[in-house]
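A.B. asks: Here is a sequence together with a model predicted from it:
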Amino acid sequence: MRRRSSGQRQDGGAPAAPGHAVELRGVERRYGRGTGAVHALRGVDLTLPRGTYTAVMGPSGSGKSTLLQCAAGLDRPTAGSVVLGGTELTGLGENKLTELRRSRLGFVFQAFNLLPSLTVEQNVLLPMRLAGLRADRRRAGGVLAAVGLTEHGRRRPAELSGGQQQRVAIARALVTRPDVIFADEPTGALDTRTAAEILALLRRAVDELGATVVMVTHDPVAASYADVALFLADGALAGSLSRPSAAEVAARMAALDPRDARREAGTAA
């Protein structure tokens with residue numbers, strides 16, 4: 001699979017900033033008003049390079065999922081701006097945002113979100129169909145080969161294990177050659193061994209296919225597969241670690257919220 005060039009987009013968006021996949025500039029997200037308002041994000045400034053694997057971590061309620069939703073155009077910031085591959089998302093209408101998400105973003109969720117009535121191949125091709133693109137079976141075969149499911153294209157999701165279903169979800173996320181793959185707790189429903197296989201697969205998608213992955217996770221082991229682990233606390237960035245080990249991530253999490261870190265360490269064990 002080829003990486004996208006960093007020049008002018010064919011969909012009419014602005015030229016992509018060289019090296020930048022996602023940029024958040026002063027992003028705030030507030031729910032409610034007055035004294036009862038909840039500040040989920042507080043002025044986040046963040047630039048994520050292309051071709052990198054970023055883990056987003058923090059205590060429960062720190063704003064991890066809100067950050068992912070705003071970066072992916074699934075939620076609108078109260079203030080600030082989000083730029084994806086050079087395209088400003090903040091001012092786009094709902095139809096344009098939907099089109100962008102279908103053609104330029106990939107998503108992997110804890111619950112797989114495969115359609116049970118479709119075959120594996122049809123599930124993989126679904127983003128292309130929704131984006132109005134020609135359903136390219138050769139490309140589907142290529143991404144299924146990349147995730148080790150070449151022989152499973154005609155099967156239904158119910159015939160696969162949980163790990164295999166998540167591999168299908170990753171193939172589906174890759175098929176449009178997206179600017180960014182957003183993964184929200186992608187190993188949360190998997191056993192330890194299968195989770196390691198999925199994390200290694202996302203790592204290879206970055207290293208071998210040039211993908212950009214942004215992953216929200218509670219798991220220090222999962223974060224250790226990333227190039228950078230970002231930490232949130234009370235809706236604000238609270239530091240980062242480059243090429244982190246699981247022990248380093250766990251120690252940073254313990255400093256942010258000892259009770260949350262102990263819970264997650266017990267879950268990981």
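C.D. replies: Good, I have the coordinates.

A.B. asks: dump the residue contacts of the nearest residue to residue 202 once chain neighbours are set aside.
C.D. replies: Of all residues beyond its chain neighbours, the one nearest residue 202 is residue 213 (5.4 Å), with distances taken as C-beta to C-beta, 6 or more residues apart in numbering. Glycine gets a C-beta too; all of them are placed from N, C-alpha and C. Counting by C-beta atoms under 8 Å, 6 or more residues apart in numbering, residue 213 makes contact with 52, 53, 54, 180, 181, 183, 202, 205, 206, 226.

A.B. asks: Give me the average confidence score over the one helix or strand residue 248 maps to.
C.D. replies: In this assignment (DSSP states H and E), residue 248 forms part of helix 246-256. In this model, helix 246-256 carries a mean pLDDT of 94.

A.B. asks: Am I right that residue 41 sits in a helix?
C.D. replies: No. Residue 41 sits outside any helix when classified using DSSP: H, G, I helix; E, B strand; the rest coil, being strand.

A.B. asks: right, and it touches residue 56 too?
C.D. replies: No. Residue 41 is not in contact with residue 56 according to C-beta atoms under 8 Å; the separation is 11.7 Å.

A.B. asks: for the residue nearest in space to the middle of the chain, which residues make a bridge with it?
C.D. replies: Residue closest to the average C-alpha location in the chain (C-alpha atoms, centre = their mean): residue 182, at 1.3 Å. With DSSP bridges applied, residue 182 shows beta-bridge pairing to residue 107, residue 214.

A.B. asks: Distance check, it against residue 64.
C.D. replies: 12 Å (C-beta to C-beta, to the nearest Å).

A.B. asks: For the helix holding residue 248, name the packing helices and strands.
C.D. replies: strand 53-57, helix 220-223, strand 228-233, strand 236-242, helix 258-268 (3 or more C-beta pairs under 8 Å, 6 or more residues apart in numbering; DSSP states H and E).

A.B. asks: And the contacts of the biggest helix by length in the chain?
C.D. replies: Counting residues, the longest helix found in the chain (DSSP state H) is helix 192-209. Helix 192-209 has contacts (C-beta under 8 Å, 6+ apart) with 1, 3, 51-53, 108, 146-148, 161-163, 166-167, 170, 174, 181, 183, 186-187, 190, 211-213, 215, 219, 221-222, 225, 227, 268.
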